[in-house]
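# Have a look at this prediction, sequence included:
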Amino acid sequence: MYYILPSHNIPITLVSDIIVLLAVDPKASIDDICSFTGFSQSYVKSGINIAKMLNLIDPDIVDRYQVNIEAVNLLGKTPNEETKISVIRKYIQRYEPFITFIQFCLNDDSIVDSARKVYTLYKFQGKDFNFLKDLFVTWGTMTNIFNEKSGKLILAEEINSTYRRYITEDLLLNDDMAIRIHIADRLGDEVFTFMLPAEIEDIVNAFKSYKNDQRNALDSGGRAFEDFLRRISDKIGINVTSKSGIVEVINALYNNKDATGKLDNKVHYKQNAIGGAIGNIRNMSGHGLDPKTLERWDLTSQSALAYLEILLSTIRSIYMFVEKGVYTF
């Protein structure tokens, strides 16, 4: 992710206009963009910076502007104000520091303290945490994600009601923002920060689909869990490239041996058992017949939701055990 702050806090609709132009002319000059948008060079440069933060422009390509094709398709060539805001909101909700900021606020930190923590946690460059606070408040209020009152953050009612009530079985979990807040809440800020955006996206997709597509929910959640296990293995120097699937990867962590051949478990035996169960449940989502019984598993929404909640708890448990030696679940 891109953590360099812009020089100005700009309207998010400017970011949409920049993307619309760059989709047609990826080598447009700053003057061209100024002419198209009607804003100054400093504002346009800040808009490009924010687009890089939100992965709307690839920050690693320097000879041209490589814009996000999904965003281009969503915006079209002549978006109205509502479309501009709704499309940018989609990417703001995917921006991990923004979700962490909201989570700190919901856990009773002030907006100022939350911004300071996020600025430090993600090692932002440029400006200071007060600017980051103003930037995030602008994003949240312009997209109707939250309001700010007396230094406190107040979630939009439709998000808050989903976030607070989502666990009830009859509620379709289709609010993207509420899901992300819930994931961050369950993992905690340190573990949430460790997760890759692709892993978070898989878990979000799993929660969105648990009610109507249990196989997709199990497979998406399981994929995120396996990717997490592979990264935590690599982080502590265990090669699992030859391992296939969750069960083999977590067994490698549990059955690890040191240089002398002595058993050196990197996860607790209970975590190994739970992880193995997560792997086996994921395998139930396969569309073929069970290889031993030649039967096809029938999956329920209740089981899919329970699977995802256990998966989040297990990710946090393994991270805390590996990184800090803490026993928690």
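Perfect, I can see it now.

# which residue lies farthest from the center of this structure?
residue 260 (39.8 Å; CA atoms, centre = their mean).

# residues contacting that residue?
Going by CB atoms under 8 Å, 6 or more residues apart in numbering, residue 260 touches no other residue. For every residue, glycine as well, the C-beta is placed using N, CA and C.

# ditto for residue 72
Contacts of residue 72 were listed using CB under 8 Å, 6+ apart, and they are 19-20, 23.

# Wait, a helix at it?
Yes. Assignment of residue 72 by DSSP: H, G, I helix; E, B strand; the rest coil places it within a helix.

# Let me know the distance separating it from residue 140.
24 Å (CB to CB, to the nearest Å).

# ok, now residue 98?
In terms of CB to CB, residue 98 sits 8 Å off from residue 140.

# which non-adjacent residue is nearest the most centrally placed residue in the chain?
Centroid check for the chain by CA atoms, centre = their mean gives residue 200 as the closest residue, at 3.9 Å. In this structure, residue 200 finds its nearest non-sequential neighbour in residue 183, 6.5 Å apart by CB to CB, 6 or more residues apart in numbering.

# can you tell me how far the one you found sits from residue 47?
Counting by CB to CB, the gap from residue 183 to residue 47 is 29 Å.

# just to revisit the earlier point, other SSEs contacting the host helix or strand of the residue nearest to residue 200?
Assessed by DSSP states H and E, residue 183 sits inside helix 176-187. With contacts defined as 3 or more CB pairs under 8 Å, 6 or more residues apart in numbering; DSSP states H and E, helix 176-187 has these neighbours: helix 96-106, helix 157-165, helix 197-209, helix 301-324.

# Give me the contacts around it.
90, 93-94, 99-100, 102-103, 106, 145, 155, 159-160, 162-163, 166, 173, 192, 195, 200, 203-204, 207-208, 309, 312-313, 315-316.

# Excluding covalently adjacent residues, which one is nearest to residue 205?
Spatial nearest neighbour of residue 205, excluding adjacent residues (CB to CB, 6+ apart): residue 220 at 4.7 Å.

# Surely that neighbour and residue 206 touch.
Yes. Look at residue 220 against residue 206 with CB atoms under 8 Å: they come within range, at 4.0 Å.

# Just the contacts of residue 72: which are in helices?
19-20, 23 (DSSP state H).

# before we move on, back to that, which of residue 220 and residue 206 has more residues huddled nearby?
Neighbours were counted for residue 220 and for residue 206 using other CB atoms under 10 Å; residue 206 has more, 29 against 24.

# need the contact list for that one.
216-218, 220-221, 224, 304, 308.

# Looking at these, which is nearest residue 295?
residue 218 (16.7 Å; CB to CB).

# That closest one sits in which helix or strand?
helix 214-235.

# Would you mark the buried spots in that helix?
By neighbour count with 16 or more other CB atoms under 10 Å, helix 214-235 contains the buried residues 214-230, 232-233.

# same thing with stretch 272-288?
272, 274-276, 278-279, 281-285.

# Please compute how far it lies from its chain's middle.
23 Å (CA atoms, centre = their mean, to the nearest Å).

# Check which element follows the strand or helix carrying residue 141 along the chain.
In the assignment (DSSP H and E), residue 141 maps to helix 129-142. Going down the chain from helix 129-142, the next helix or strand is strand 146-149, by DSSP H and E.

# roughly how far out does the helix or strand following that next one sit from the chain middle?
For strand 146-149, the following helix or strand on the C-terminal side (DSSP H and E) is strand 152-155. Per CA atoms, centre = their mean, the displacement of strand 152-155 from the mean C-alpha position of its chain is 21 Å.
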